[in-house]
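Peer 1: output the structure for:
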Amino acid sequence: MISKILIIMANGVLCYSKTFVGSDDIDYDLVSGFLTAISTIAKEIGGGEIKSLNFRNFNFVYTYDEEKLCMFIIVTDIDDPEEEAQEKLELMKNEFIKQFYDELKNWKCETGRFEVFDEFAEEYIFIPPKILLVGELGVGKTTIINLFEGETVLELDEDLNEIIQKSIPLSNLKTINEVVLREFDLEDLIKNSKIHRPLLDSVDVICIVTNSGASNLGRTQRLFSQLENKVKKADFYLIANFQDLQSTSYEPEKIEEMFGIQTYGFCAIKRDAKDKIFEIISEMLRISIVEKIKSKQV
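Peer 2: Alright, predicted model coming up:
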């Protein structure tokens, strides 16, 4: 996902920055000086314009406007598809030049002038984290999504499979105010993994939803072992639904031991189900995104 954006003037001075996720305690003047120097060296040795810089933990994806007034940079996670960042980068460049062309041509180092760009960046540049809810039929995926208010997007892919998705606002995470939940059939995801490769590569979290009974757990465990080998980036979690059926359901601790991934007990029909799933989603995002980015910046 996109963690930061930077806009640097041709003279190497940072004129705008925005942090979406992670620490903002960074010497941006030092960063902008480094990136400008790298860009200058690349041109001097005949390498042309830099398109991206790949570090161990992050990618810096570049572009320039036609008049070379500014260098536009998006910082993404090392495993994120670069194509998605490139699309956002073009959008950011075009809008920034459109809004501030006159100021940029006659810029007097007044960086505060560009703070109004925050609104556009938050609405159009930031890519909300994606959680993929996967499981067999009847395990409660749709019920979980329907706990949240708002419009459910229903589409059909090329093979006429239903794509169910909903954007969920969050208020209890400081740096993430929205998450996209997407529902998918677990077996179809595995059988057609090549077709669904863009989806598997773009999601941040894959949350397996299962009935807590023995028969479904056994099948889901076999499917999970196949899916795990096809995923490079996303973290796995498990929601053990139907915990209200005490006579047939396994306890979350036992299921976690079986699967080897963090497991949350859940009952979608309880009165506090919505609050509970909010807590689960927030914890998954905190572990897999907020804490990960913090650790990479140390």
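Peer 1: which of the helices or strands spans residue 60?
Peer 2: If you go by DSSP states H and E, residue 60 is part of strand 58-64.
Peer 1: that strand packs against which elements?
Peer 2: Applying 3 or more Cβ pairs under 8 Å, 6 or more residues apart in numbering; DSSP states H and E, one finds that strand 58-64 contacts strand 52-54, strand 70-77, helix 82-105. (C-beta placed from N, C-alpha, C; glycine too.)
Peer 1: the inter-axis angle of it versus helix 82-105?
Peer 2: 50 degrees (axes from the mean of the first three to the mean of the last three Cα atoms, to 10 degrees).
Peer 1: measure how strand 58-64 sits relative to strand 70-77, angle-wise.
Peer 2: Angle, strand 58-64 to strand 70-77, by the same axes, to 10 degrees: 160 degrees.
Peer 1: give the contact list for the residue nearest to residue 171 when sequence neighbours are not counted.
Peer 2: Leaving out its chain neighbours, the residue that sits closest to residue 171 by Cβ to Cβ, 6 or more residues apart in numbering is residue 177, at 7.2 Å. Shown in contact with residue 177 (Cβ atoms under 8 Å, 6 or more residues apart in numbering): 169, 170, 171.
Peer 1: export the residues you listed to JSON lines and tack on secondary structure?
Peer 2: Listed next are the contacts of residue 177 as JSON lines, based on DSSP: H, G, I helix; E, B strand; the rest coil:
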{"residue": "169", "secondary structure": "strand"}
{"residue": "170", "secondary structure": "coil"}
{"residue": "171", "secondary structure": "coil"}
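Peer 1: show me which residues of stretch 253-271 are buried.
Peer 2: Buried residues in stretch 253-271, counted by 16 or more other Cβ atoms under 10 Å: 255, 256, 258, 259, 261, 263, 264, 265, 266, 267, 268.
Peer 1: what sits up against that stretch?
Peer 2: Contacts of stretch 253-271 (Cβ under 8 Å, 6+ apart): 140, 143-144, 147, 208, 210, 212, 217, 221, 224, 236-244, 250-252, 273, 276-277, 280, 287.
Peer 1: again with stretch 108-116
Peer 2: 7, 13, 14, 15, 16, 96, 99, 100, 103.
Peer 1: the fifth one: what secondary structure?
Peer 2: At residue 16, secondary structure determined by three-state DSSP is strand.
Peer 1: just the pLDDT for it.
Peer 2: pLDDT recorded at residue 16 is 89.
Peer 1: is it in contact with residue 6, as I believe?
Peer 2: Yes. The criterion here is Cβ atoms under 8 Å, and residue 16 meets it with residue 6 at 7.4 Å.
Peer 1: buried ones among the contacts of stretch 253-271?
Peer 2: The neighbour-count test (16+ other Cβ under 10 Å) marks 140, 144, 147, 208, 210, 212, 217, 221, 224, 236-243, 250, 252, 273, 276-277, 280 as buried among the contacts of stretch 253-271.
Peer 1: I'd like the contacts of residue 177 as a markdown table, with distance to residue 291, neighbour count and pLDDT appended.
Peer 2: Formatted as a markdown table, the contacts of residue 177 follow (distance: Cβ to Cβ, whole Å; neighbours: other Cβ atoms under 10 Å; pLDDT from 0 to 100):
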| residue | distance to residue 291 | neighbour count | pLDDT |
| --- | --- | --- | --- |
| 169 | 21 | 11 | 85 |
| 170 | 16 | 15 | 83 |
| 171 | 19 | 8 | 77 |
